Structures are given as structure tokens and as C-alpha cells.
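In: I need the structure of the sequence given here:
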Amino acid sequence: MLSGKPYTLQNLSARLRDGSMTSVQLVEQSLARIHDPKGQGGVTFTRVFDKRAMQDARDADARRAGGGVLSVIDGLPISVKDLFDIAGYPTTAGSLVLADAEPAAEDALVVKRLREAGAIIVGTTNMTEFAYSGLGLNPHYGTPLSPWDRQIGHIAGGSSSGAAVSVADAMVVAAVGTDTGGSVRIPAAFCGVVGYKPTARRIDMQGTLPLSKHLDSIGPIANSVMDCAWLASIMAGEPLTVPPAVSLEGLTLGVPDQLVLDGMDDVVSGAFAAACELLEQSGAQVVNLDLPELLEIATMNAAGGFTAAQAWAWHGDLLNTRQAQYDPRVAVRIRRGETLSSTYITDLERARRQWITRVQAKLASIDALIMPTVPVVPPALKPLEQDDDLYAKTNLLALRNPTVINFMDGCAVSLPCQGPGQAPVGFMIAGLGGQDQKILAIARAFEAVMQD
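Out: Numbers count the residues shown, from 1 in each chain. Modelled structure (predicted):
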């Protein structure tokens, strides 16, 4: 159903290796696309490191010429979300309120590990302010658009909006985002690329501006599952591992009866059904899974959940003195946590642990959960800008399915599953915490079937 994409870490690494392309050429192309006045670079990036990127590219080519390649991603251009510390710059997280903050003393740990592997960080990408929305609108730096039907203008999803667009528009080969309730997977789905949310504990958050310490995770966005696996291994400080695609024959994949299929539009419904049929034709068994526990999440988070409580703890003083500089739609969500006490968090922690135990028992009979990443195709931007109620309703809908996995402390991959010429649709494959290699292996098998 989908054709393979040549602009991957794997393919370009091979081209650097065989000498048919240099890192300098790649970075020149990357910067040209970012600075193209007809492109999306101006709203996709909050900061571009032109001079350093070119110098890093020259250094990478010199290493390669001398036989001293650092890793499989040495010399490849990558973007990072604007909430990772970059030494010498303030970490602004898509905001204006932090523009005058103290510059970071050192790179975030994931940025440091990427640089040590030879990755060329070309810039920081735009995002929902402070990562607090699944839609990607930003009134300060502009809103990146999905590559689909830009004449009308559809949102790229959030909060890692710029990250996904930087990959979809080939400004970089891959991007690094964060995911607290879907912020890697939603933009991946809306931009037709691959997004991987690892088990939260897999990748250290050191040097990353937090939203919720209970739910935050760091994950890659790229054009293939293998690319995501490469980047995750490097960012986790692990040996490079790429699980081989498993056979789909005999796998049991569960679609929850509750919640995740509600409110699907016709395009998503058709694409998801076609993808499930393709899985069954490849030997997998797609089964319905009774999972009423999913309906409990909204009740447990009704007062604001971990995100509101922990965002308020970080932002409270700043918001009380400089609220006029915040995106009003972000500020109002943070203020939901103003009355949430430490006792509230303790009680929610206990309820979550008990909930996860019950869900784990239900998932013992399947190999992975599957569901649409988002039940609708990318919404048009203008109506969301003009209507706060529509914005709030659409935000909850976009976050609904991905949030299940964060609350479960699980891992997931979103892959494109739309037919040719259709709006982008994400297909999510998910598992329990610690099942990353299994989920990546199933995702690789699904990806191969979709590209046949």
C-alpha cells in the first residue's frame, strides 16, 4: 500500500559509506530546505545551527576519509525538539517566557549521546508551548503544517510538531521529540511518518525540560522503524540493536472494544480496517479485546492528572508573574493543577499502579495492542485558531488513544497506513512497559507488509 522512502538513516548511511554522497552535501541540502522561503522551515525550526552544522559535516567527512567513523549515524543531519538543553542557549520550549533564561551549561544527555555518535544537530524544532497539547499550535513561532493538502492548511499534531514536519519535508533525516500523552505519535500520524514512544525509563530525561515526570518519555521520529530503533539505542546509551522483523504468522493482535475506535472518521476507519485485513492475510490473528479499564482513565484524570499537577509545580511562580507571555490555551491547562496537592498525586500513583496490574492481566493473551493512533485525519488549522471550544475538544480526541499507552507505562510505534493519495493515518502497535524490542519487531513486520 505504501512505497518505501529512500530518505532514511539506513539508506543515507550506506551512501556515505560507498562514497556516493558526503556529509557536507547532505547538510547543505538540509539547510537549503530549512531556509527555502517557499517551505515550512521558518515555522518548523526555532533555531538553526548553520555554521556549526557545516563544520560538524566537514569533521564527519574527514573522519570517514580516515576510517574513523563513530557510528551508523555519523554525519547525518538530525533535529531536536526545543525542550532539550543545547549548551550556550536558553532552553525555550516553544515559549517566549524563557527567552531570557540562563543559557544551558551543557547539552541534554540525549543530545550529548547523539553528538558522540556523530549526528549533526542542525537545529531545534518548534512545538506546542511547554509541550502541553496534542495539536501543535504555537502563537509565538507559528504553526507547522502537515504535508497533506497545504493549500488548505492542516495541523501537524503536537506537541512535537516541528520534529515531524522536519522529517516529512526532508529537512533532516530524523528527529527527536518527547511524548507525555502522544506528542511523538500524534505528529507522526498526522505527517505520514514513523514515531516511536519507548518505555519511559529506557531513555534518560537529563537536560530535558519536563512536563510530567510520571509520563514523559523521549522518542524518535523518522521514515522507518529501523531508523527509530537506531536512534533509540543511541539515545539510551545501549549497544546498537535493531530487532529483526518477526513473522506475522501466529501473532495475536488485540483491538480494544472500548474507547479507541470511537469517533473515527471515514478515512481512518477505512484505512485501519484495510490494515487489519492485511495483517490477517499475512497470518496474524486480529481479535477484539474486552478492556473496560480504558474507560477509567478519564475518570482518574478528571481533575487534571499527573500532567496538570506536575506542570503547575514547575510553572506556578513563573505563571503567576508572567502569564501574559504564555499561550493562553496552555496557561489555562497548567492552572488546572493549582489546587492539586501532593496527596492527590500519591492517590493517583496508587490508582495507576492498581490499574496497570489489571490491564497487564488482560494483555497476557495477546502479542500487542493495535488501534488507530488518532481517530481522525489532520484537522484544518484555521477553525482551531478561531474556536477555543473546538480546540479543546479536538485536543482531547487527538490525545485519547496515545494517552492510554503513557498511562499504562507502555511503549508504542505509530506507522502510516493510509492508501495512496489519502490523508495521513497512523496505525499504532503497542505493548507493556519493557516490551520495546518485541513491539519494534512487530512494527517492522507491519511496515514490510504495508510497503509490499
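In: use CA for all of it now, contacts and neighbours both
Out: Will do.
In: list the buried ones in stretch 97-113?
Out: Within stretch 97-113, the residues that count as buried by 16 or more other CA atoms under 10 Å are 97, 104, 107, 108, 109, 110, 111, 112, 113.
In: remind me what whatever helix or strand the last one lives in packs against, helices and strands.
Out: In this case it means residue 113. Element membership for residue 113, per DSSP states H and E: helix 109-116. When contacts are defined as 3 or more CA pairs under 8 Å, 6 or more residues apart in numbering; DSSP states H and E, helix 109-116 packs onto helix 225-235.
In: and the angle from the helix it packs on to helix 109-116?
Out: 100 degrees (axes from the mean of the first three to the mean of the last three CA atoms, to 10 degrees).
In: what's next to helix 225-235, contact-wise?
Out: Residues from elsewhere that reach helix 225-235 (CA atoms under 8 Å, 6 or more residues apart in numbering): 8-10, 109-111, 113-114, 117, 174, 194-196, 198, 203, 219-222, 239-242, 440, 443-444, 447.
In: for ChimeraX, write the selection for the buried entries among these.
Out: Here is the ChimeraX selection string for the buried members of the contacts of helix 225-235, based on 16+ other CA under 10 Å:
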select :8,9,10,109,110,111,113,114,117,174,194,195,196,198,203,219,220,221,222,242,440,443,444,447
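In: so which of the contacts of helix 225-235 belong to helices?
Out: 9, 10, 109, 110, 111, 113, 114, 440, 443, 444, 447 (DSSP state H).
In: residue contacts, the third one?
Out: So that's residue 109. Counting by CA under 8 Å, 6+ apart, residue 109 has contacts 204, 205, 206, 207, 235.
In: out of those residues, which one sits closest to residue 280?
Out: residue 235 (34.3 Å; CA to CA).
In: now the two most distant members of the ones in helices among the contacts of helix 225-235.
Out: For those, the farthest-apart pair by CA to CA is 109 and 447; their separation is 30.1 Å.
In: of the contacts of residue 109, which is the most crowded?
Out: residue 235 (23 neighbours; other CA atoms under 10 Å).
In: could you pick out the longest helix of this protein?
Out: Ranked by residue count, the top helix of the chain under DSSP H comes out as helix 342-363.
In: for that helix, buried residues please.
Out: 345, 348, 352, 355, 356, 359, 363.
In: where along the stretch 51-200 of the chain do the helices fall?
Out: Taking DSSP state H, counting those that start in this stretch to define them, one finds helices in the stretch 51-200 of the chain at 109-116, 161-168, 185-191.
In: could you dump these into TSV with mean pLDDT and distance to residue 452 added?
Out: TSV is the format used below for those (pLDDT from 0 to 100; distance: least, CA to CA, whole Å):
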stretch	mean pLDDT	distance to residue 452
helix 109-116	98	32
helix 161-168	98	21
helix 185-191	98	20
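In: want to throw these into CSV with distance to residue 214?
Out: Converted to CSV, the helices of the stretch 51-200 of the chain look like this (distance: least, CA to CA, whole Å):
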stretch, distance to residue 214
helix 109-116, 19
helix 161-168, 22
helix 185-191, 18
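In: out of those, which gets nearest to residue 46?
Out: helix 161-168 (8.8 Å).
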